[in-house]
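S.K.: what shape does this take:
(one chain, ligands or ions: 1)
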Amino acid sequence: MNNPKIVSGFSKLSKRGKLRWLAENFFNNPEEVARELKSFWYGDPQKQKIFDEFSENTISNYYLPYGICPNVMINNEVYCVPMVIEESSVVAAASSAAKFWLDRGGFKTEVISTKKVGQVHFEWQGDGKKLQHLMPQIRQQIHADTAHITCNMKKRGGGIVDIKLVDMTHLEDNYYQLNISFETCDSMGANFINSTLEEAARILKNFMSTQAGLNQKERELTIIMAILSNYTPECLVRASVECKVEELGTFSDGDMSAETFAYKFEKALKIASIDTYRATTHNKGIFNGIDSVVIATGNDFRAVEACGHAYAARDGQYRSLSFCEVKDGVFSFWLDIPLAIGTVGGLTNLHPLAKRSLEMMGNPTANELMKIIATVGLAQNFAAVRSLVTTGIQKGHMKMHLMNILNHLEATEKEVKEAIIYFADKLVSFTAVREFLQLLRTAPYGMQLPTPILLYNEKSMRK
Ligand code: MEV
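M.R.: Sure thing, here's the model as predicted:
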């Protein structure tokens with residue numbers, strides 16, 4: 001087949017070769033495309049090499065904004081937290097919530113548990129009780145024969161915590177699991193867990209094949225797979241805030257009392273707990289905060305997201321991950337979230353900015369980072385729900401949206417000022433902003449302009 005879009009041996013091409021092939025076969029302006037993609041290469045080739053080697057078939061770097069959220073007080077310690085996110089308003093919202101709670105005692109956090117889980121999935125034909133009976137020996141064998149993998153982790157206080165046999169034959173014929181739990185200290189531990197599991201699978205198979213007391217069939221055990229589980233409900237952290245209702249202050253420029261706010265906020269949380277449509281958006285807001293810190297610290301946001309959503313559905317219905325209670329005049333708001341993250345190993349030490357992120361937060365342990373990440377999730381959630389039950393979120397969003405459109409249309413500083421006043425009480429859309437600028441740019445002196453423009457012009461003329 002002579003299709004230029006199909007390639008073989010692509011991975012063996014040099015980086016420039018890959019880029020050229022892509023530009024020539026998928027774009028009408030290959031020179032320009034190649035130049036643009038190259039313009040995002042790191043200036044220092046040694047540093048660029050680090051990025052190239054994170055992944056495969058790398059041709060350029062994809063930039064995202066790296067922002068910071070200051071004033072995050074957690075258990076009386078103040079942090080400046082890095083956030084990598086493309087969505088406008090998220091960093092602003094987290095920062096505003098951090099400041100709000102800084103003035104009310106800050107956030108409290110606690111790590112509830114830190115266990116991670118892996119599974120060896122296998123088939124075995126025989127009486128499950130027989131297998132259960134062999135478990136003490138299997139356990140001992142796995143502990144002993146994985147020691148070459150686990151010894152360093154053990155020295156750091158981690159390793160295999162527990163090995164359980166799970167009989168799944170009621171769901172699938174002959175299907176069993178070894179459920180192995182781990183402590184991985186400051187590392188996320190994915191490689192450590194997977195290596196240990198694959199070794200445990202070999203040990204199990206070998207153990208069974210050499211059991212004299214078993215018949216031929218029972219000695220044959222089929223390993224299906226061995227892999228960590230990203231569902232880590234026992235790697236759990238809680239972040240919370242609390243203050244007297246009256247200390248919440250007023251909202252919507254003084255139009256909403258603290259009591260009304262607390263009532264509506266609590267209701268909004270209740271709705272997110274009982275309605276899946278709302279819960280999904282509510283939790284998405286939490287993950288706006290969580291993911292941005294997870295990414296900034298070089299952790300695996302897909303793992304964190306997958307686990308968080310599974311946890312949100314743990315009782316069979318997808319629900320909010322955060323809760324609110326207003327009782328005896330006290331407003332309490334908290335988030336329970338499983339977070340399997342690390343501060344050593346993986347990208348955390350390889351990505352120059354992930355390294356800086358950790359340094360910025362005082363090189364936290366994994367437990368401390370769990371607390372920081374959960375706090376930003378809660379802060380983000382507070383800011384989102386506060387907007388929703390007061391002004392609505394569009395007010396804040398529209399300002400950023402307007403600025404983005406104005407930048408795109410290359411508005412001057414003066415035009416930006418005019419636009420901000422004009423759109424203060426109007427819906428922002430690309431067309432509306434373009435028409436507004438056209439009018440502003442072409443209107444002859446003295447022409448009847450929309451009132452806000454006149455107001456601004458009059459004011460600026462008076463200055
Ligand atoms: C937008 O990215 C996130 C929100 O929709 C979250 C929420 O509705 O709670 C504002």
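S.K.: give me the nearest residue to the residue of the stretch 201-350 of the chain found nearest the ligand, chain neighbours excluded.
M.R.: In the stretch 201-350 of the chain, no residue comes nearer to the ligand than residue 285, which is 2.7 Å away by C-beta to the nearest ligand atom. Bear in mind the C-beta positions are built from the backbone N, C-alpha and C, glycine included. Counting by C-beta to C-beta, 6 or more residues apart in numbering, residue 384 is the residue found nearest to residue 285 once chain neighbours are left out, at 4.0 Å.
S.K.: would you mind measuring from the one you found to residue 66?
M.R.: 22 Å (C-beta to C-beta, to the nearest Å).
S.K.: kindly report the residues of the stretch 151-300 of the chain close to the ligand.
M.R.: 281, 282, 284, 285, 288 (C-beta under 6 Å from any ligand atom).
S.K.: and if we set it to 8 Å?
M.R.: 272, 278, 281, 282, 284, 285, 286, 288 (C-beta under 8 Å from any ligand atom).
S.K.: show me which pair in the residues you listed is furthest apart.
M.R.: 278 and 288 (15.7 Å; C-beta to C-beta).
S.K.: looking at these two, which one has more neighbours?
M.R.: residue 288 (23 against 17; other C-beta atoms under 10 Å).
S.K.: centre-most residue in this protein?
M.R.: residue 291 (1.9 Å; C-alpha atoms, centre = their mean).
S.K.: picking that back up, the residue nearest to residue 285 in helix, strand or coil?
M.R.: Under DSSP: H, G, I helix; E, B strand; the rest coil, residue 384 falls in the helix class.
S.K.: that one and residue 391 touch, don't they?
M.R.: No - using C-beta atoms under 8 Å, residue 384 is not in contact with residue 391, being 11.9 Å away.
S.K.: of the two, who's got more company?
M.R.: residue 384 (25 against 15).
S.K.: residues contacting the more buried one?
M.R.: When contacts are counted by C-beta atoms under 8 Å, 6 or more residues apart in numbering, residue 384 touches 93, 282, 285, 288, 393.
S.K.: and what of residue 286?
M.R.: Contacts of residue 286 (C-beta under 8 Å, 6+ apart): 308, 321, 322, 335, 337, 377, 378, 380, 381.
S.K.: close enough to count as contact, the third one and residue 269?
M.R.: By that I understand residue 322. Yes - the pair residue 322 / residue 269 is scored as a contact, 6.5 Å apart, by C-beta under 8 Å.
S.K.: which neighbours do the two share?
M.R.: residue 333.
S.K.: more neighbours: which of the two?
M.R.: In this view residue 322 and residue 269 are compared by other C-beta under 10 Å, and residue 322 has more residues nearby, 24 against 21.
S.K.: burial count for the residue lying closest to that one once chain neighbours are set aside?
M.R.: Excluding the flanking residues, the one nearest residue 322 by C-beta to C-beta, 6+ apart is residue 335, at 4.2 Å. Neighbours of residue 335 under the rule other C-beta under 10 Å: 27.
S.K.: rewinding a little: doesn't residue 379 make contact with the residue of the stretch 201-350 of the chain closest to the ligand?
M.R.: No - between residue 285 and residue 379 there is no contact under C-beta under 8 Å: 10.6 Å.
S.K.: who has more neighbours, those two?
M.R.: residue 379 (29 against 23).
S.K.: residues contacting the more buried one?
M.R.: Contacts of residue 379 (C-beta under 8 Å, 6+ apart): 69, 72, 93, 94, 97, 98, 101, 107, 289.
S.K.: local confidence estimate at the third one?
M.R.: Yep, that's residue 93 we're talking about. On the pLDDT scale, residue 93 is placed at 96.
S.K.: which residues touch it?
M.R.: Here residue 93 is in contact with 379, 380, 383, 384, 387, 396 (C-beta under 8 Å, 6+ apart).
S.K.: cool, and the first one?
M.R.: The contact partners of residue 69, taken as C-beta under 8 Å, 6+ apart, are 80, 81, 82, 83, 91, 94, 95, 98, 376, 379.
S.K.: number of nearby residues for the closest residue to the ligand within the stretch 1-150 of the chain?
M.R.: Relative to the ligand, the nearest point of the stretch 1-150 of the chain is residue 87 (5.7 Å; C-beta to the nearest ligand atom). The number of residues packed near residue 87 is 12, by other C-beta under 10 Å.
S.K.: near the ligand, which residues of the stretch 1-150 of the chain?
M.R.: 87, 89, 90.
S.K.: what segments of the stretch 101-250 of the chain are helices?
M.R.: 128-145, 147-155, 190-209, 216-219 (DSSP state H, counting those that start in this stretch).
S.K.: now the third one: mean pLDDT?
M.R.: Averaged across helix 190-209, pLDDT comes to 98.
S.K.: ok, now the shortest one?
M.R.: Computed over helix 216-219, the mean pLDDT rounds to 96.
S.K.: tell me the secondary structure of residue 43, please.
M.R.: Residue 43 - assigned by three-state DSSP - is coil.
S.K.: how is the chain divided into domains?
M.R.: 1-63, 68-109+239-391, 116-229, 396-462 (automatic domain parsing).
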